[in-house]
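Participant: have a look at this prediction, sequence included:
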Amino acid sequence: QVQLVESGGGLVQAGGSLRLSCSASGRTFNSYTLGWFRQAPGNAREFVAAIDSSGGRTYYANSVKGRFTITRENRDGAKNTADLQMNSLKSEDTAVYYCAAAYGTAVPTSRASYDVWGQGTQVTVSS
């Protein structure tokens, strides 16, 4: 099973950019789809983006399409990462962002399909 640790959150002005990184450890990393979710205060955790185990398929929430890009690096025997590049940030992007992993080749967008989660990283966009 993989373990996930997020980094890269912070405070940024509206219109700015941030890059989140999800560092994954575990020998079966290449067997997992990776996703990013976010949760704003008082709101449910929502899907943001996901990438399949090979990196060939990506999916995005409509609210971030065209502004966010998810990528991943699978490197045998070394640290593996899944990054979320966020551009043209808006105040409504403010949330705690979570990296998550789902075993298999499907690319789910539902929270219930992911069984491994990181601890989250705060992103705050000031208007």
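Facilitator: Nice, thanks for sending it over. Numbering: from 1, shown residues only.
Participant: Ala50: neighbour count?
Facilitator: Neighbours of Ala50 under the rule other C-beta atoms under 10 Å: 25. C-beta: built from backbone N, CA, C; applies to glycine.
Participant: that one sits in which helix or strand?
Facilitator: strand 46-51 (DSSP states H and E).
Participant: partners of that strand in the sheet?
Facilitator: If you go by DSSP bridges, strand 46-51 pairs up with strand 32-39 (antiparallel), strand 58-60 (antiparallel).
Participant: what about those strands, which gets the closest to Cys22?
Facilitator: Across these, Cys22 has its closest neighbour in strand 32-39 (6.6 Å, C-beta to C-beta).
Participant: which parts of the closest one are buried?
Facilitator: By neighbour count on 16 or more other C-beta atoms under 10 Å, the buried set for strand 32-39 is Tyr32, Thr33, Leu34, Gly35, Trp36, Phe37, Arg38.
Participant: avg pLDDT for that strand?
Facilitator: On average, the pLDDT along strand 32-39 is 95.
Participant: CA atoms of the strand holding Ala50 as PDB?
Facilitator: Taking Å, rounded to 0.1, in the frame of the first residue of the first chain, the C-alpha atoms of strand 46-51 are listed here in PDB:
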ATOM      1  CA  GLU A  46     -14.900  17.600  -3.600                       C
ATOM      2  CA  PHE A  47     -13.000  16.100  -6.600                       C
ATOM      3  CA  VAL A  48     -10.500  18.400  -8.300                       C
ATOM      4  CA  ALA A  49      -8.400  16.200 -10.600                       C
ATOM      5  CA  ALA A  50      -7.200  12.700 -11.200                       C
ATOM      6  CA  ILE A  51      -4.600  10.800 -13.300                       C
END
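Participant: begin at 22 from now on, thanks
Facilitator: With the count now opening at 22, the last piece we talked about shows up as strand 67-72.
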